[in-house]
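# this is a predicted model, with the sequence first.
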Amino acid sequence: MRRAAEATPAHRDRYVDLLRAVAISAVVAGHWLVVHVTDEGGGLSGTSVLDVAAWTRPLTWLFQVMPVFFLVGGYANTASLTSYLRRGGNATGWTLRRTDRLVRPTTTLLAVLAAAALAARAAGVGPQLVGLGVWLAGIPLWFLVAYLAAVVFTPVMYGLHRRFGLAVPVVLAALVGVGDLARFAPGVPWPGEANYLFAWLAVHQLGIAWREGALPDRPGVAAPLALLGLAALAGLTVAGPYPVSMVQAAGTEIQNTAPPTLALLALAVTQTGLALLCHRAGNRWLRRPRPWTAVVAVNSVIMTMYLWHMTAVVLGALALHAAGLLPHAAPGTAAWVALRLPWLAVLAGFLAVLVALFGRIERRSGPVPEPGAASGPAAAAATLAGVAGVIGGLLGIAVAGPGDHGPAGMPTVGLLGYLAGAAVLRYARRRSAAEARSAARDAG
């Protein structure tokens, strides 16, 4: 990691990598803190502390930082795309390259979960309990579906930015508002679920605008943006019809993440302003070797950390239950809060083992198309089919919820659809890489 940090190009924006690392780390910590698992009554059961302790809900304004991840994704995807296009590449080849690091560790997660589910059922574990464990471990797939869609749409959204600028996220936010109206006023002919796409694309588009200079990091722009977003957030939640919690919580008719709402976009605007405000100072700090090496290390396994962090919850709960060490403090009480630290330590230990086992899969890239490869309608069709299979399969798995969904603990059709899509993408990458090598030999 030290050598990789020292080899960083001078033009790289290190602050963007820091934001990515902080965002995923905060998501992991937030999920671990909110989960309450107990074995009172003999069997394992769990709930979210947000459902039983209302005082914790405003804290989600700090821990719901997935908008930062999409903001950074828009910035990084745009930087990668423009670089690839300048070197003679096309959107198809870039999509094949960019999805590799997402699909590769995800395939490993699903394969391991399916194998574990089959083994558990063979050992006599009830199918409902197996389905619950697989569902809990697969919670990260929800955001991965949206992020994969944002990656695939990047060439189109970049083109729209070049033509319309900041009007694009404004229009997307307006569409989110229409979706919210459909949820508040049943009968409005508009599918509110479309907000899963429109809202995250809007945040991703802010990252594109940042990368292209339409959102400068000057204090005169960043500070008002953060204050405007915070004011809108307070108005929509404290004084308005939206819940305060930025994470799904029981007892509220509208959820700010399922699907995303204007309130979540207000939080995203606030976080964007703060990110811009700290941009220059953050880059100066990251010129120091130690913090930058730490950021490089985290980013080298960032998807592995994200994908496996809920599996660490399942393993940690099982281990503590077997050892008779699961705490029985009521969620939200002072005793429960004090026990969060050892709980986090246990889960961090399990996640460290999982990252050590599977992080190398993320770091090891497969054959990817060089600029000039993956051209023609056949490559585009294969890429589109592969992406559709991957996203459709993940969506089918994510929406299924806990329960008995088949021998693998998840919907069989969704799993097979994902694997078929991943196989098509792998074939397209290998074919494009082989064509590039053949063309290089012919040219030589």
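Nice, thanks for sending it over.
# which pLDDT value goes with residue 444?
You'll see residue 444 listed with a pLDDT of 57.
# what about residue 9, which SS state?
coil (DSSP: H, G, I helix; E, B strand; the rest coil).
# nope, residue 217 is what I was after
Secondary structure state of residue 217, per three-state DSSP, is coil.
# now do the contacts for the nearest residue to it once chain neighbours are set aside.
Nearest non-adjacent residue to residue 217, counting by C-beta to C-beta, 6 or more residues apart in numbering: residue 279, 3.9 Å away. (C-beta placed from N, C-alpha, C; glycine too.) Applying C-beta atoms under 8 Å, 6 or more residues apart in numbering to residue 279 gives the contacts 15, 217, 222.
# could you report the neighbour count for the second one?
Around residue 217 sit 18 other residues, with neighbours defined as other C-beta atoms under 10 Å.
# what's the answer for the last one, then?
For residue 222, the neighbour count with other C-beta under 10 Å is 20.
# my guess is it contacts residue 270. True?
No: look at residue 222 against residue 270 with C-beta atoms under 8 Å: they stay out of range, at 10.9 Å.
# hang on, the earlier thing: from the contacts of residue 279, which is closest to residue 385?
Residue 385 lies nearest to residue 15 out of the contacts of residue 279, by C-beta to C-beta, at 36.9 Å.
# please identify the helix or strand for the closest one.
Using DSSP states H and E, residue 15 sits in helix 14-34.
# and the pLDDT at the residue nearest to residue 78 when sequence neighbours are not counted?
Nearest residue to residue 78 in three dimensions, chain neighbours excluded: residue 211, at 4.2 Å (C-beta to C-beta, 6+ apart). If you check residue 211, the pLDDT there is 95.
# quick check: residue 211 vs residue 154, distance?
Distance, residue 211 to residue 154, using C-beta to C-beta, to the nearest Å: 11 Å.
# now do the helices in the stretch 301-444 of the chain.
With DSSP state H, counting those that start in this stretch as the criterion, the stretch 301-444 of the chain has helices at 302-322, 334-338, 340-363, 377-399, 412-443.
# residues in contact with residue 336?
36, 49, 327, 329-330.
# let me redo that: residue 244
With C-beta under 8 Å, 6+ apart, residue 244 has these contacts: 57-58, 60, 237-238.
# again, but for residue 179
190-195, 198, 259.
# could you find the lowest-pLDDT member of those?
residue 190 (66).
# circling back to that earlier point, from the contacts of residue 244, keep the buried residues only.
Among those, those scoring as buried are 57, 60, 237 (criterion: 16 or more other C-beta atoms under 10 Å).
# in space, what's closest to the second one - neighbours in sequence excluded?
Distances taken as C-beta to C-beta, 6+ apart put residue 246 closest to residue 60, at 4.1 Å, once the chain neighbours are dropped.
# can you check the first one too?
Nearest residue to residue 57, sequence neighbours excluded (C-beta to C-beta, 6+ apart): residue 245, at 3.9 Å.
# same check on the last one?
Closest residue in space to residue 237, ignoring its immediate chain neighbours: residue 244 at 4.8 Å, by C-beta to C-beta, 6+ apart.
# list phi and psi for that neighbour.
Residue 244 adopts backbone torsions of phi -70, psi -40, taken as degrees, to the nearest 10.
# distance-wise, check it relative to residue 274.
19 Å.
# at which residues are the helices of the stretch 51-200 of the chain located?
In the stretch 51-200 of the chain, the segments counted as helices under DSSP H, counting those that start in this stretch are 60-63, 66-86, 91-122, 127-137, 141-164, 167-184, 195-211.
# nearest to residue 357, of those helices?
Nearest to residue 357 among those is helix 91-122; the distance by C-beta to C-beta comes to 9.3 Å.
# off-centre distance for the closest one?
In terms of C-alpha atoms, centre = their mean, to the nearest Å, the centre of helix 91-122 is found 14 Å from the chain centre.
# repeat for stretch 253-269
Counting by C-alpha atoms, centre = their mean, stretch 253-269 is centred 16 Å from the centre of its parent chain.
# mind listing what's buried in it?
255-257, 259-269.
# format the helices of the stretch 301-444 of the chain as TSV; extra columns: distance to residue 133.
Listed next are the helices of the stretch 301-444 of the chain as TSV, based on distance: least, C-beta to C-beta, whole Å:
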stretch	distance to residue 133
helix 302-322	5
helix 334-338	23
helix 340-363	14
helix 377-399	14
helix 412-443	15
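# select, out of those, the one closest to residue 32.
That would be helix 340-363 among those, by C-beta to C-beta, at 5.1 Å.
# angle of that closest one against helix 14-34?
On the basis of axes from the mean of the first three to the mean of the last three C-alpha atoms, to 10 degrees, helix 340-363 is oriented at 130 degrees to helix 14-34.
# fine by me, we can end here.
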